[in-house]
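> the sequence and its predicted three-dimensional model are supplied below.
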Amino acid sequence: MFDYIHAVKNNYKTFHKGELRDNSLTFTLEGSYSSRADLKRMNIIAQYELERAEKLANRFRLNEQYDNVIKYAYRLLLKNQAHDSICGCSTDDTHCENIIRYKKIEQICKEINAEIKFTQNKENKILNLGTDFRGVIERIKYKTGKNDIVLSIKNGFAEDLLTDTKRIPVTEDYGKIYTTLEFVEIKGGESINNGTDPSTPIEAGDNYLKGNVAVEVSNVIKFYADNKSINIYLKDFKDFGDSYNRGPVHDDCGKILNIKSCKLKFNSPLRGILAVKYEDNVNLEISLDAECDYPKFKFIINNKKKNHHLFMCMEYDAPVYETVSEDMNRLIKRNFNPDYEIRNNLPQTRGIEAPTNTAPCQRLVSANGFGAVLKGISQYEVSGKELRLSMLRATGVISNPKNSSRSTPAGPPIETPDAQLLKVIEQELWLFYGNNVNSALNYIYNFVFT
């Protein structure tokens with residue numbers, strides 16, 4: 001393809017610089033970025049896990065042993081990235097097969113990681129595949145000491161037992177598995193300081209976490225950093241659209257979800273966790289680690305509603321005119337008109353797709369000095385002082401011929417009940433402050449996930 005582009009580059013009289021997001025002459029079908037949020041998240045995780053398995057095999061020079069199975073997993077991933085599959089605008093049966101492929105990829109990566117750890121890392125060392133790191137890690141143990149900080153306990157078989165082909169698990173091997181927290185410092189891929197105390201331990205209460213940065217929960221969530229703050233809240237809009245486009249309702253201002261309760265779920269010098277419960281069956285865990293600048297937000301949404309679009313809003317003290325986000329594996333700066341609102345500008349004539357204030361994103365988006373590192377969220381919207389992250393968009397048809405934002409059909413009106421996402425949906429993100437977005441990306445993706 002690139003050879004062809006090079007060969008014909010002098011045949012054109014006009015050139016375009018920038019993104020092809022202007023929908024004044026053609027449909028862009030921007031709703032496909034937020035359709036079927038479950039598949040978008042599984043795709044991001046599959047890509048990351050495959051890359052991680054490949055790096056782990058390379059570190060121990062096991063490329064030849066795992067080359068065929070990793071290539072097979074990549075082929076499964078590519079099949080899921082065909083246009084209508086990754087866009088979430090195909091039939092339910094097609095997307096059921098996508099989910100099966102993602103689960104296969106997940107299992108392949110899990111087994112590669114487990115086998116390599118069992119055969120090459122019998123001393124249970126920290127395998128850091130990323131940059132130098134100082135902070136909190138989670139470690140699996142089968143026995144604990146009095147000084148261990150236990151995060152969680154479950155019952156099961158030890159991973160090395162399940163991986164060892166020369167041993168057969170028996171009932172007596174079934175026991176407790178502990179997830180513990182440790183504070184470590186790593187340089188050059190090797191741990192140089194385990195079990196030390198952090199210089200800034202976590203302070204926690206029933207509605208706040210405080211370390212390098214702070215989070216406080218009241219009627220909204222406040223994120224504090226460097227004497228500045230933003231508000232975080234959930235806002236739900238009606239959406240009678242389809243897989244291709246949102247179908248907003250005129251003058252719909254959205255419903256801000258009420259926080260029903262907040263309590264301190266886990267408290268230690270290394271990590272604090274708040275459990276926040278919203279109306280509409282939405283739960284949130286906020287965690288903050290010692291010496292960490294990035295509080296983690298993990299949403300568990302038990303969706304029981306149809307035809308709606310749920311956002312997590314980051315509200316700044318000034319309108320959002322410019323964003324920086326990752327797309328096509330590079331950071332892109334975009335300009336917006338914060339006064340534009342699609343719900344007040346729906347088309348009245350045929351053949352028109354309403355302009356939007358949305359944009360795609362991969363692992364990161366930021367504005368006005370605050371941002372979020374993302375794990376599966378693939379679209380955001382700008383409105384006034386809000387940067388809205390698309391958490392879930394529930395619709396039930398491939399193409400709605402009466403879509404309010406697109407006055408002509410974009411495809412067949414085939415019903416897709418599964419696209420209403422009437423199930424549990426998870427979303428994860430890490431908030432950050434400052435303009436060094438690469439530091440946030442490196443910290444989250446190069447260490448926290450490994």
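Received the coordinates, thanks.
> use CA for all of it now, contacts and neighbours both
Will do.
> where does this protein have low pLDDT?
121-131, 188-196, 446-450 (pLDDT under 70).
> residues in contact with the spatially most central residue of the chain?
Nearest to the geometric centre of the chain sits residue 375, at 1.8 Å (C-alpha atoms, centre = their mean). Neighbouring residues of residue 375 by C-alpha atoms under 8 Å, 6 or more residues apart in numbering: 41, 44, 45, 363, 427, 428, 429.
> in CSV: those residues, plus distance to residue 243.
Shown next, in CSV, are those (distance: C-alpha to C-alpha, whole Å):
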residue, distance to residue 243
41, 16
44, 19
45, 22
363, 22
427, 20
428, 23
429, 24
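> so of the residues you listed, which ones are in helices?
Cross-referencing those against helices under DSSP state H gives 41, 44, 45.
> gap between the closest residue to the first one other than its chain neighbours and residue 39?
It stands for residue 41. In space, residue 41 comes closest to residue 376 once its chain neighbours are excluded; the distance is 3.8 Å by C-alpha to C-alpha, 6 or more residues apart in numbering. Distance, residue 376 to residue 39, using C-alpha to C-alpha, to the nearest Å: 9 Å.
> any residues in contact with both of these two?
Contacts common to residue 376 and residue 39, judged by C-alpha under 8 Å, 6+ apart, are absent.
> can you show me the strands along the stretch 101-250 of the chain?
Assigned strands in the stretch 101-250 of the chain, in chain order: 133-141, 149-156, 175-187, 190-194, 203-205, 208-210, 214-217, 221-225, 228-238 (criterion: DSSP state E, counting those that start in this stretch).
> pull up the pairing partners for the last one, direction included.
Paired strands of strand 228-238, with direction, are strand 221-225 (antiparallel), strand 255-256 (antiparallel), strand 308-315 (antiparallel) (DSSP bridges).
> out of the contacts of residue 375, who's nearest residue 333?
residue 363 (14.3 Å; C-alpha to C-alpha).
> how many neighbouring residues does the residue nearest to that closest one when sequence neighbours are not counted have?
Nearest residue to residue 363, sequence neighbours excluded (C-alpha to C-alpha, 6+ apart): residue 374, at 4.7 Å. Counted with other C-alpha atoms under 10 Å, the neighbours of residue 374 add up to 25.
> same thing with the one 5 residues further on?
Other residues within reach of residue 379 by the criterion other C-alpha under 10 Å amount to 22.
> and this protein, what are its domain boundaries?
23-120, 133-194, 203-448 (automatic domain parsing).
> out of the ones you listed, which one sits most buried?
domain 203-448 (a mean of 20; mean count of other C-alpha atoms under 10 Å).
> and the gap between residue 375 and residue 43?
For residue 375 relative to residue 43 (C-alpha to C-alpha), the value is 10 Å.
> could you do residue 152 as well?
For residue 152, the distance to residue 43 - C-alpha to C-alpha - is 28 Å.
> residue 151 now?
To residue 43, residue 151 is 28 Å away according to C-alpha to C-alpha.
> try residue 167
Remark: distance between residue 167 and residue 43 (C-alpha to C-alpha) = 34 Å.
> quick one: the helices in the stretch 51-200 of the chain?
For the stretch 51-200 of the chain, the helices defined by DSSP state H, counting those that start in this stretch cover 63-80, 83-86, 92-120, 159-163.
> surely residue 308 and residue 396 touch.
No. Counting by C-alpha atoms under 8 Å, residue 308 does not reach residue 396; the two are 10.5 Å apart.
> if we can go back for a sec, need the helices of the stretch 51-200 of the chain in CSV (columns: distance to residue 3).
As requested, the helices of the stretch 51-200 of the chain are exported to CSV (distance: least, C-alpha to C-alpha, whole Å):
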stretch, distance to residue 3
helix 63-80, 22
helix 83-86, 23
helix 92-120, 32
helix 159-163, 46
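> nearest to residue 327, of those helices?
helix 83-86 (15.1 Å).
> so which elements touch the closest one?
Contacts defined by 3 or more C-alpha pairs under 8 Å, 6 or more residues apart in numbering; DSSP states H and E place helix 83-86 against helix 92-120.
> looks like residue 174 contacts residue 156 (just checking).
Yes. Here residue 174 reaches residue 156: they are 5.3 Å apart, a contact under C-alpha under 8 Å.
> returning to what we had before: how about the residue nearest to residue 41, phi and psi?
phi 120, psi -20 (degrees, to the nearest 10).
> again, but for residue 300
Dihedral angles (degrees, to the nearest 10) for residue 300: phi -120, psi 110.
> does it touch residue 424 like I think?
Yes. If you go by C-alpha under 8 Å, residue 300 and residue 424 touch, sitting 6.7 Å apart.
> bridging residues for residue 180?
If you apply DSSP bridges, the partners that residue 180 bridges to are residue 139, residue 150.
> quick one: it and residue 263, what's the gap?
Distance of residue 180 to residue 263, computed by C-alpha to C-alpha: 21 Å.
> residue 326 sits in which helix or strand?
Using DSSP states H and E, residue 326 sits in strand 322-327.
> now residue 60: closest residue in space, sequence neighbours ignored.
residue 120 (7.5 Å).
> in TSV: the strands paired with strand 228-238, plus distance to residue 8.
Converted to TSV, the strands paired with strand 228-238 look like this (distance: least, C-alpha to C-alpha, whole Å):
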stretch	distance to residue 8
strand 221-225	51
strand 255-256	51
strand 308-315	43
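> just so I know, which of the helices of the stretch 51-200 of the chain lies nearest residue 352?
helix 83-86 (22.0 Å).
> distance between the closest one and the chain's centre?
For helix 83-86, the distance from its own C-alpha centre to the chain's C-alpha centre is 19 Å (C-alpha atoms, centre = their mean, to the nearest Å).
> same thing with stretch 389-403?
Per C-alpha atoms, centre = their mean, the centroid offset for stretch 389-403 relative to its chain is 20 Å.
> residue 304 against residue 394, yeah?
No. Residue 304 is beyond contact range of residue 394, at 9.9 Å (criterion: C-alpha under 8 Å).
> that older thread, closest one of the ones in helices among the contacts of residue 375 to residue 330?
Nearest to residue 330 among these, with distances taken as C-alpha to C-alpha, is residue 44, at 15.6 Å.
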